[in-house]
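Colleague: model the following, please.
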Amino acid sequence: MMSVPSTWRSWLALSAVGLGVFAATTLACSEAAPPAGSGGALGSGGNASDSGGSATGGASGGAVGTGGEAYGGGSDQGLVDFLGHAPDPTLPAATFEEVGMDGAPIAAGIEAIEAADWEIHSFLVMRRGKLVVEQYGWDSGTNPAVPGEPHQILPDERHPLFSTTKSILSALYGIALDQGAIEDLGRTAASFFPDYAELSPSPEKDTITLEHLLTMQSGLEWEEGDQTTFEAPDPARAAFSRPVVTTPGGAWNYSSGNSDILAEILHTSTGDTPLEFATVELFAPLGIEDPPWEAGKNGVQYGGWGLSLSSREMARFGEMYRNAGQWQGTQVVPASWTDTSIEPRTPTAWGGQYAYHFWVPDLPGFFNTLGAFGQVIYVSRSFELIVVFTAHLPSETADTIFRQLISTYVIPAISEP
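Modeller: The predicted model follows:
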């Protein structure tokens with residue numbers, strides 16, 4: 001069982017008596033029906049192709065998939081409202097009315113989560129830079145990728161992001177391009193490897209560009225879930241040694257191997273590992289201190305998974321992207337990259353479209369990150385919204401569940417455009 005800081009122990013003791021104003025609102029709305037036009041019951045008919053990001057859990061967790069795992073069970077403890085308790089000064093709390101929202105649909109959404117018994121570890125909503133929902137659930141400890149003791153998730157607890165890591169890597173590429181460390185995305189990947197002749201070169205592989213890697217169109221042989229390259233002495237070179245099986249720039253094929261190649265290229269170009277580069281250029285401006293990020297045997301962080309952040313830190317990243325790369329008056333990521341990196345580039349086999357390591361979902365007005373088991377950041381500039389979820393849900397349906405929650409309960413809560 002994780003140790004609980006005294007601040008949180010005090011709050012959890014209080015929550016045993018009552019879960020706060022928001023929970024009281026939930027109870028008051030217990031008979032409320034979903035808003036009109038909500039699109040039906042949550043969780044109904046989710047498309048199995050809408051996978052929740054990478055199926056990789058890394059070397060520590062073995063192959064990750066549904067495989068008969070017990071999902072749910074965590075919500076028996078209920079979601080706990082932490083809004084306004086031990087607040088984060090960078091994420092000021094507000095009432096729904098202050099940001100032009102109605103709390104009743106959100107309350108109904110929390111009821112739907114608990115009724116479905118989904119193991120949702122956190123649920124945060126921000127509008128106009130203000131935090132209006134901050135709910136944390138129960139970790140059952142049953143995820144084979146991150147096994148542990150059952151415990152209440154707390155606001156400052158780091159959570160594995162799985163493939164949401166890819167979107168962090170994308171932001172680092174925008175910074176590196178702006179600094180001139182990387183010239184342009186049209187440069188070939190092979191040109192960054194002085195030992196390319198030893199990596200099973202081919203005329204087709206010669207044409208793979210950074211852009212192809214960012215859009216998952218490299219053409220390199222890859223089946224997501226295969227973890228053999230992660231255990232190699234150099235994961236990027238192991239992935240780049242794979243044969244080309246489709247024309248680069250053609251078919252979309254989700255590949256954490258592509259992300260590892262990009263991570264090594266970032267390392268070569270900047271002289272820093274992804275974590276070292278991120279610590280100075282991205283994490284420090286966002287107030288993120290010493291986040292764990294798993295690395296391969298060569299010491300370079302995995303590009304497609306391995307980073308852990310708290311839900312509040314995820315919200316900061318989303319809010320920075322919503323504001324065209326600015327955070328508290330500082331331009332962290334170039335504004336042009338925050339636009340370029342979220343432009344849809346190719347349709348995917350999982351629904352929605354893919355950008356530069358970001359997703360453009362079938363949810364108008366949003367772009368998002370996507371990590372296995374339900375680690376997501378949804379961003380809408382038009383709605384002025386950030387929605388963060390962390391969870392232990394089947395990857396094949398997690399994103400469908402979240403899109404339904406957002407479309408059925410979060411968007412209808414907006415009372416003032």
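Colleague: in this structure, what helix or strand scores lowest on average pLDDT?
Modeller: Lowest mean confidence among the helices and strands of the chain (mean pLDDT, DSSP states H and E): helix 20-28, at a mean of 33.
Colleague: C-terminal to that one, what's the next element?
Modeller: strand 80-81 (DSSP states H and E).
Colleague: quick one: list the elements packing against that next one.
Modeller: helix 6-15, helix 20-28, strand 130-136 (3 or more CB pairs under 8 Å, 6 or more residues apart in numbering; DSSP states H and E). The way it works is simple: take the backbone N, C-alpha and C, and place the C-beta from them, glycine included.
Colleague: identify each buried residue in the next helix-or-strand element following that strand, please.
Modeller: Sequence-wise, the next helix or strand downstream of strand 80-81 (DSSP H and E) is helix 103-116. Across helix 103-116, burial judged by 16 or more other CB atoms under 10 Å covers Gly103, Ala104, Pro105, Ile106, Ala107, Ala108, Gly109, Ile110, Glu111, Ala112, Ile113, Glu114.
Colleague: would you turn these into CSV with distance to Thr270 and pLDDT?
Modeller: As requested, the buried residues of helix 103-116 are exported to CSV (distance: CB to CB, whole Å; pLDDT from 0 to 100):
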residue, distance to Thr270, pLDDT
Gly103, 45, 98
Ala104, 49, 98
Pro105, 45, 98
Ile106, 42, 98
Ala107, 46, 98
Ala108, 47, 98
Gly109, 42, 98
Ile110, 43, 97
Glu111, 48, 97
Ala112, 45, 97
Ile113, 41, 97
Glu114, 45, 95
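Colleague: run a quick neighbour tally on Tyr196.
Modeller: 17 (other CB atoms under 10 Å).
Colleague: ok, now which ones touch it?
Modeller: Contact analysis of Tyr196 by CB atoms under 8 Å, 6 or more residues apart in numbering lists Ala190.
Colleague: distance of the nearest residue to Phe366 once chain neighbours are set aside relative to Thr165?
Modeller: Residue nearest to Phe366 in three dimensions, not counting chain neighbours: Ser380, with 4.7 Å by CB to CB, 6 or more residues apart in numbering. Per CB to CB, to the nearest Å, Ser380 is found 22 Å from Thr165.
Colleague: again, but for Pro394
Modeller: Applying CB to CB to Pro394 and Thr165 gives a distance of 20 Å.
Colleague: who has more neighbours out of the two?
Modeller: More crowded of Pro394 and Thr165, by other CB under 10 Å: Thr165, with 31 against 23.
Colleague: so the more buried one touches Ser308, yeah?
Modeller: No - the criterion here is CB atoms under 8 Å, and Thr165 misses it with Ser308 at 9.1 Å.
Colleague: so what sits against both of the two?
Modeller: Trp293.
Colleague: quick one: pLDDT of the residue nearest to Phe366?
Modeller: Ser380 is assigned 98 on the pLDDT scale.
Colleague: that one: what's it in contact with?
Modeller: Arg322, Gly365, Phe366, Ile386.
Colleague: between those residues, identify the one with the most neighbours.
Modeller: For those, the largest neighbour count, defined by other CB under 10 Å, is 26 neighbours, found at Ile386.
Colleague: can you list phi and psi of that one for me?
Modeller: phi -130, psi 130 (degrees, to the nearest 10).
Colleague: looking at it now. What's its pLDDT?
Modeller: The model's pLDDT for Ile386 equals 99.
Colleague: go on, Pro417?
Modeller: For Pro417, pLDDT reads 89.
Colleague: cool, and Ile406?
Modeller: For Ile406, pLDDT reads 98.
Colleague: any idea how far Glu276 is from it?
Modeller: 35 Å.
Colleague: which one's more surrounded, these two?
Modeller: Neighbours per residue (other CB under 10 Å) separate Ile406 from Glu276, with Ile406 holding more: 25 against 14.
Colleague: thinking that one is in contact with Val387, fair?
Modeller: Yes - with contact defined as CB under 8 Å, Ile406 reaches Val387; the gap is 5.7 Å.
Colleague: pull up the overlap in contacts between these two.
Modeller: In contact with both Ile406 and Val387: Tyr378, using CB under 8 Å, 6+ apart.
Colleague: correct me, but Trp350 touches Trp252?
Modeller: No - using CB under 8 Å, Trp350 is not in contact with Trp252, being 9.1 Å away.
Colleague: ok, those two, which is more surrounded?
Modeller: Using other CB under 10 Å, the more surrounded residue of Trp350 and Trp252 is Trp350, with 20 against 17.
Colleague: any idea how far the residue lying farthest from the centre of the chain is from Ser241?
Modeller: Distance from the C-alpha centroid of the chain peaks at Ala197, with 35.6 Å (CA atoms, centre = their mean). From Ala197 over to Ser241 the distance is 11 Å, taken as CB to CB.
Colleague: same question, Gly325
Modeller: Taken as CB to CB, the span from Gly325 to Ser241 is 35 Å.
Colleague: comparing these two, which shows the higher neighbour count?
Modeller: Taking neighbours as other CB under 10 Å, Gly325 and Ser241 compare with Gly325 leading, 22 against 18.
Colleague: pLDDT weak spots in the stretch 1-150 of the chain?
Modeller: 1-77 (pLDDT under 70).
Colleague: same question, the stretch 251-400 of the chain
Modeller: In the stretch 251-400 of the chain, no residues with pLDDT under 70.
Colleague: which parts of it are strands?
Modeller: Per DSSP state E, counting those that start in this stretch, the stretch 251-400 of the chain carries strands over the ranges 308-309, 326-327, 330-331, 346-347, 353-354, 359-360, 367-368, 376-380, 385-391.
Colleague: Gly186 - nearest residue in space that isn't next to it in sequence?
Modeller: The nearest residue in space to Gly186 (CB to CB, 6+ apart) is Thr209, at 5.5 Å.
Colleague: is it true that Lys205 lies in a helix?
Modeller: Yes - counting by DSSP: H, G, I helix; E, B strand; the rest coil, Lys205 is part of a helix.
Colleague: no further queries at this time; thank you.
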